[in-house]
Structure formats: structure tokens, C-alpha cells
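Peer 1: quick one: sequence plus predicted model below, questions after.
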Amino acid sequence: MSSTTAKNVDEYIEEQKQALKNNPSCANTLYNLGTAYLSKRMFREAEETLLQAVDNAPKLVEAYVQLGGIAMNRGDMETCLRYNQMAAQARPFFAVPHANIGFVHMQRGEADEAIAAFKKAVKLDPKYVQAMANLGGIYFMKGMLDAAENWSNKALALEPHFGPAYGNLALVWLERGDKEKAAENVRKAEESGYEVPEDLRAEVQDLL
């Protein structure tokens, strides 16, 4: 949030609305208002305001990313992909839209496209833990267990309590037939606060 005297989100929203009365086309104020609406899960208001922001500042890539998130929230992966592609085009060295593009491809089962996008995100931001863990997951989907293990461990080297990476490793060790290591990684995933899929937990428990 920008400089503010607001004590809560509602006050902040009113503050931004007042600022817009003086300068209705200020893209930064529109963006701030849009993200405030998002924090209250007021998705329609957020989308309308963020669209106004990019109308006034077509290179405000953070707004495109937020719009992509709103589209994803309603299950519209095509629109999510389009907004993130616009963000990546406007600012090619911004890692976030590339990771989001990878996530859309992963959800569609388009493994090679997802890998390319996640690798680009990691190249741009070598500490992008979520993108690394997603690479671990997508390589597991392709049956490339060594690559899945490698990327999951890279994520954990940066963030030792990143549950999704432990979830990937549990799947890897289960596939390799090492039930003890699979169970250990399920335990670590749960300790991190990650909600392990019920079928994975059940499969590991059945083996022990």
C-alpha cells in the first residue's frame, strides 16, 4: 500500500476513492484501490478498477497479473493466461507472469510448455521457490523422477519448510518403492502446514 493514514482496509478504500476524485486517471491510485478490493474478496469491484488502471497505464504489469489472478479464481484459465502473457510482454524480465503462465499450462496438462515457463521464471528470479517446486511436480508428471527430486530439493534448500516440495518428494519415493522415505516426506509436508492429498496419505499408510 502507498503512504496512508488508514487504520484498516475500509478506511484505505475510502482514502483511495477520495484521491481519485482529485485525479480520476491516476493508475497507481486505481491499482491500490483494486488490490484493496481484492483483499476483501470484492472481485467484481477489483476487476473493474484494475481494468481502469491498465487503460490509463498500459504497462502497469502488476495490474495485469492481478487481473489474471481474478480470472483464475473464477476458473477462466484462458483469460488468466492472456493477462499474464500481456504482463510478460510488457516487462519480459518480471518473473511472476512467467510462473503464472507455467501454472496455467500445468493445470492443462501441457507439461513441456509449463516447464519452459517455470524455468524462465527461475532464471529471472533464482529464489523463486514456488516455481522450483512446480518444476518438481511437472517433472514427476512426466515420469522424470531424478529431475523431480532435484527441483524439489532446490526449493527446499531455499525454503526448508515448503510443503509442496515435500509432497513432490513423497510421490517420487513412492514411485521408487521406498515407502519409508515416502512416509517421511508426507510427515514433513504435513508439519509444514501443507495439506497432503488424501489419496497420497492413504497410499503411504497402506504400505507401512
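Peer 2: All right, it came through fine. Numbering: from 1, shown residues only.

Peer 1: separation between the residue in the chain sticking out farthest from the centre and Ala6?
Peer 2: Distance from the centre of the chain peaks at Asn22, with 34.8 Å (C-alpha atoms, centre = their mean). Plainly put, Asn22 is 17 Å away from Ala6 if you go by C-beta to C-beta, to the nearest Å. To be clear about C-beta, it is placed using only N, CA and C from the backbone, and glycine gets the same treatment.

Peer 1: before we move on, what about Pro126?
Peer 2: From Pro126 across to Ala6, the span is 36 Å (C-beta to C-beta).

Peer 1: residues in contact with the lowest-mean-pLDDT helix or strand in the chain: which ones?
Peer 2: Every helix and strand in the chain was compared by mean pLDDT, DSSP states H and E; the lowest is helix 198-207, with a mean of 83. Helix 198-207 has contacts (C-beta atoms under 8 Å, 6 or more residues apart in numbering) with Gly167, Ala170, Leu171, Leu174, Lys179, Ala182, Ala183, Val186.

Peer 1: ok, 7 Å please
Peer 2: Here helix 198-207 makes contact (C-beta atoms under 7 Å, 6 or more residues apart in numbering) with Ala170, Leu171, Leu174, Lys179, Ala182, Ala183, Val186.

Peer 1: again, but for stretch 83-91
Peer 2: Lys59, Val61, Tyr64, Val65, Leu67, Gly68, Ala71, Phe94, Pro97, His98, Asn100, Ile101.

Peer 1: so what's the residue count around Pro164?
Peer 2: Pro164 is flanked by 21 other residues according to other C-beta atoms under 10 Å.

Peer 1: cool, thanks, talk later.
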